[in-house]
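Enquirer: Okay, here's the prediction I keep looking at, along with the sequence it came from:
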Amino acid sequence: MQIGESTGHSRAGGNLVTTRSRMDPRPCGDDASLRRDVNPASCTVIWRFHDDKSGHINQTRGLVKAIAEITPVETFDLPCFSRRQSCLWWLGNQFPPGENLKRPDLILGAGHATHFALLAARRHNGGKAVVLMKPSLPHWLFDLCIVPDQDGLEKSENVILTRGVLNVVNPSRSQQQERGLILIGGPSSAHGWDNPSIINQIGAIVSNQPDVNWHLTTSRRTPADLVMLLEHLPLPNLTVVPHTSTSLNWVPEQLTHSSQVWVSEDSVSMVSEALTSGASVGLLEVPENYEGRVSQGVQKLRDLGWVTHFTDWDRTRPISTTRVNLNEAQRCATLLCNKFDLVRTV
């Protein structure tokens, strides 16, 4: 086993002009490159609220990136504010954080903490409020809800249902048979955790395929003691890169070239990224606390043949699953731009 460190960064192209933060008006895009040939006056202005949770950030990044492939955009990032403060702004028709920003065409957010901020910003500044989840407020309060199909909402005029969650990954035809990726989540309300079981599954996968160079990364939910155990596994074809050592684009870059991806079944976002890449996807078994929407969604994927569960894997051969033509960010961006008439020429 080797311990790795990420050094690579990539920048998305398309029509994305610049990403700016509320506190710093200078261009600072994590997923943007400055396009000097685009007239800012022709851009769709997007305000993107974030709660510092990587899964939520990747959902809005994925949608912005896909919209930018259709029409020029200019994006401003805003942090979440307390629900009480945002609710007061909403009720009082105020939104001080947006005073010096261009008025938005779209206001995006993922995570319950963003809901009242979206509504306050829209009431005071206009634009369309789009939430990327099943909202904890009535869905008719928002102009559009983009919701995973297992979350219990029905498709309607302002609800788009998706397979999994949106992400920044593009389908790839550059997978290499000698490269594999393992993505580890952690305990959650829906799932418990079993370090020895995870270690045994990873050991079986890596040792049974000695010709594959495996990279493994973790998430913020991964127990710290598991990371220490992984770093001391006697597996020469495994490189462990903790999530704290990865760049924002490390996982998408790895997915571009990995023919096999194993994901712990607790993480809907990482499963969605793996499927979007077009790789063969396997699921590591994790204890369930109860049968809920996550486990139901996983079972649907197994029934479709889109994933192979570790308990179903034939250890004599690499996993082989149905290649999925899945790019939900692109599909939702097209529907959104058509719905709100956002397609503009440069």
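Expert: Looks like it arrived, so ask away.

Enquirer: drop to CA atoms for contacts and neighbour counts, all remaining ones
Expert: Fine.

Enquirer: which ones are touching residue 333?
Expert: By Cα atoms under 8 Å, 6 or more residues apart in numbering, the contact list for residue 333 reads 63-64, 66-67, 70.

Enquirer: If we use 7 Å, what do you get?
Expert: Taking Cα atoms under 7 Å, 6 or more residues apart in numbering, we find residue 333 in contact with 63, 66-67.

Enquirer: now swap in residue 49 and tell me
Expert: Residues near residue 49 by Cα under 7 Å, 6+ apart: 77-80, 108-109, 114.

Enquirer: Inside strands: which ones of those?
Expert: 77-79, 108-109 (DSSP state E).

Enquirer: Arrange those in JSON lines, one row each, with distance to residue 343 as further columns.
Expert: Listed next are the ones in strands among the contacts of residue 49 as JSON lines, based on distance: Cα to Cα, whole Å:
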{"residue": "77", "distance to residue 343": "22"}
{"residue": "78", "distance to residue 343": "24"}
{"residue": "79", "distance to residue 343": "27"}
{"residue": "108", "distance to residue 343": "17"}
{"residue": "109", "distance to residue 343": "21"}
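
Enquirer: could you redo these as a markdown table and give each row distance to residue 173 and neighbour count?
Expert: Below are the ones in strands among the contacts of residue 49 laid out as a markdown table (distance: Cα to Cα, whole Å; neighbours: other Cα atoms under 10 Å):
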| residue | distance to residue 173 | neighbour count |
| --- | --- | --- |
| 77 | 32 | 19 |
| 78 | 35 | 20 |
| 79 | 36 | 16 |
| 108 | 30 | 26 |
| 109 | 31 | 26 |
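
Enquirer: which of these sit farthest apart?
Expert: The distance between the two most remote of the ones in strands among the contacts of residue 49 (Cα to Cα) is 11.7 Å, for 79 and 108.

Enquirer: For the stretch 151-300 of the chain, which segments are assigned as strands?
Expert: Using DSSP state E, counting those that start in this stretch, the strands of the stretch 151-300 of the chain run over 159-162, 176-183, 213-217, 238-241, 258-264, 280-284.

Enquirer: repeat for the stretch 1-150 of the chain
Expert: Using DSSP E, counting those that start in this stretch, the strands found in the stretch 1-150 of the chain span residues 2-3, 16-21, 44-50, 73-79, 106-109, 128-131, 144-148.

Enquirer: pLDDT at the nearest residue to residue 171 once chain neighbours are set aside, what is it?
Expert: Spatial nearest neighbour of residue 171, chain neighbours left out: residue 277 (4.3 Å); criterion: Cα to Cα, 6 or more residues apart in numbering. Per-residue pLDDT puts residue 277 at 95.
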